[in-house]
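> Got a predicted structure plus its sequence, pasted below:
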Amino acid sequence: MSTKPGKTVYVYKPPAAPTFAEFRAGGERRRAFLRYYIKDNLNNLVDLAVHFGLKLLPTDLCSAAGAKIGLFAMPRFHKVAVRRARENLKVLMPEASEAERETVLRKNWENQGRLMTEFSIIRRVALTPGRIKSLDVNELVEIAADGPLVLAGMHLGNWEMMASPLSEAGLRLNANYVPPGGRARAWIAQKVRLDNGVVLMPPGRDGVKPALKVLKEGGIVSMFCDEGFRGWIRGPFFGRPPHLDGNLALAVKLARRGGARIVPWYMLRDDGVNFTFNRLPVITLPPEESPGARLMDDVMMLNDVLEPVIRAHLDQWYFLDSAL
């Protein structure tokens, strides 16, 4: 197990489009030009066709197809990720048998496949009565009425299902996110989240000031405090030495500076395309003698709320195949 994820200040820079001068330069620069405008655009067309084609499928069939894809593709085309997941399961489930860990791994593959295809039908699922249990929107509206909130989500089940119901209830979720690779995939991710009512802030360090502004105006910032960053799990700590690099620290810093409470939550998949929303008790950070005096204590407090939940649902955790 690595004990130090490495301090990184993340600044997002979208890839620049090659100019015709790159083509004229020849060599690798010309090949990069051709990849960008020909090969990448062919991939973009495939991504768009798949995304909009999946919308035509019935809800349950769309999700079930993803489960089959996950079971087929993960062990064949993502061997490094599978190896890391198996290593992580040995660490995180030391008392389990190999057969039990393999069952968790296969369920994780199914969930990852479902996530992929369900991205085309998120709003349809989220707004269909009965698909999400225990999502008491009125309760969250009342909590938000008492002051700014940091919604601390976890990448379990299908977390994307939460935004639409809250947006329909009038809650404005502000979130930053890292666009996926590929221009079409980045466009799809942005469009889906905007359609679901999410207000997108700049990713990385550039999103901190806008997030703080939202909180000081009494609003809601949505973020995820479990994270796999560049292939490494930055949070939760899972027994490793705690650190201040990542969203666990950012969440408590924003809550402190913005006078906000923290609301941990997660969305578990029950079966197929049915989910249960879970909200943990609201966290009000204790008083501190001086700014930053409790920072590590606050981070550990939040970690210790989230980590047991993730340990209990590794079969649905998106970052199971990132490195510890």
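Noted; the coordinates are in hand.

> Okay, buried residues for the longest strand along the chain please.
Using DSSP state E to define each element, the chain has its longest strand at strand 261-271. Using 16 or more other C-beta atoms under 10 Å as the test for burial, strand 261-271 gives 261, 262, 263, 264, 265, 266, 267, 268, 269. For the C-beta atoms, the positions are set from N, CA and C on the backbone; glycine is no exception.

> now the strands: where do they sit in the chain?
According to DSSP E, the strands that the chain contains are 132-133, 149-153, 173-176, 198-201, 220-224, 227-229, 232-235, 261-271, 274-279.

> And those: which comes nearest residue 33?
The closest of the strands of the chain to residue 33 is strand 198-201. By C-beta to C-beta, the value is 29.7 Å.

> residues near residue 44, how many?
As a burial measure, residue 44 scores 17 neighbours (other C-beta atoms under 10 Å).

> Give the full set of residues in contact with it.
By C-beta atoms under 8 Å, 6 or more residues apart in numbering, the contact set of residue 44 is 182, 183, 184.

> Could you check how far the last one is from residue 48?
Think residue 184. For residue 184, the distance to residue 48 equals 5 Å [C-beta to C-beta, to the nearest Å].

> Let's have the strands of the chain in a markdown table, adding distance to residue 97 and mean pLDDT.
Below are the strands of the chain laid out as a markdown table (distance: least, C-beta to C-beta, whole Å; pLDDT from 0 to 100):
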| stretch | distance to residue 97 | mean pLDDT |
| --- | --- | --- |
| strand 132-133 | 31 | 96 |
| strand 149-153 | 31 | 98 |
| strand 173-176 | 39 | 93 |
| strand 198-201 | 41 | 96 |
| strand 220-224 | 31 | 97 |
| strand 227-229 | 26 | 92 |
| strand 232-235 | 24 | 96 |
| strand 261-271 | 24 | 98 |
| strand 274-279 | 27 | 97 |
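
> Residue 20: which of these is closest?
strand 198-201 (31.5 Å).

> so what does the closest one touch, helix or strand wise?
strand 173-176, helix 183-195, helix 208-216 (3 or more C-beta pairs under 8 Å, 6 or more residues apart in numbering; DSSP states H and E).

> Please export the C-alpha coordinates of the second one as PDB.
C-alpha atoms of helix 183-195 as PDB (Å, rounded to 0.1, in the frame of the first residue of the first chain):
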ATOM      1  CA  ARG A 183     -14.500  15.800 -27.000                       C
ATOM      2  CA  ALA A 184     -17.800  14.000 -27.500                       C
ATOM      3  CA  ARG A 185     -17.700  12.400 -24.100                       C
ATOM      4  CA  ALA A 186     -16.900  15.700 -22.500                       C
ATOM      5  CA  TRP A 187     -19.800  17.300 -24.300                       C
ATOM      6  CA  ILE A 188     -22.200  14.500 -23.300                       C
ATOM      7  CA  ALA A 189     -21.100  14.700 -19.700                       C
ATOM      8  CA  GLN A 190     -21.600  18.500 -19.600                       C
ATOM      9  CA  LYS A 191     -25.000  18.300 -21.400                       C
ATOM     10  CA  VAL A 192     -26.400  15.600 -19.200                       C
ATOM     11  CA  ARG A 193     -25.400  17.400 -16.000                       C
ATOM     12  CA  LEU A 194     -26.800  20.700 -17.200                       C
ATOM     13  CA  ASP A 195     -30.000  19.000 -18.300                       C
END
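
> starting at the chain centroid, how far to that helix?
14 Å (C-alpha atoms, centre = their mean, to the nearest Å).

> Then the shortest one?
What separates the centre of strand 173-176 from the centre of its chain is 12 Å, taken as C-alpha atoms, centre = their mean.

> if we look at it, which residues are touching it?
Counting by C-beta under 8 Å, 6+ apart, 151, 163, 166-167, 193, 197-204, 207, 210-211, 214, 219-223 sit against strand 173-176.

> mind running it again at 10 Å?
12, 149, 151, 153, 162-163, 166-167, 193, 196-208, 210-211, 213-215, 219-224 (C-beta atoms under 10 Å, 6 or more residues apart in numbering).

> Listing partners with orientation, what would you give for that strand?
Using DSSP bridges, the strands paired with strand 173-176 are strand 198-201 (parallel), strand 220-224 (parallel).

> Alpha carbons of the shortest one, in CSV - could you do that?
Listed in CSV are the C-alpha atoms of strand 198-201, where the atom choice follows Å, rounded to 0.1, in the frame of the first residue of the first chain:
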residue,chain,number,x,y,z
VAL,A,198,-26.5,21.1,-12.1
VAL,A,199,-24.7,24.4,-12.3
LEU,A,200,-21.2,23.6,-13.4
MET,A,201,-18.3,25.4,-11.9
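
> Residue 184 and residue 48: which is more packed in?
residue 184 (19 against 14).

> What score does the more buried one have for pLDDT?
Looking at residue 184, its pLDDT is 96.

> Nearest residue to the middle of the protein?
residue 155 (5.0 Å; C-alpha atoms, centre = their mean).

> any idea how far that one lies from residue 284?
Noted for residue 155: a distance of 25 Å to residue 284, by C-beta to C-beta.

> low-confidence ranges in this protein?
Scanning the chain for pLDDT under 70 picks out the ranges 1-11.

> Show me the helices in it, by range?
20-25, 27-34, 40-54, 59-77, 79-92, 98-118, 122-126, 137-145, 163-168, 183-195, 208-216, 247-258, 295-312 (DSSP state H).
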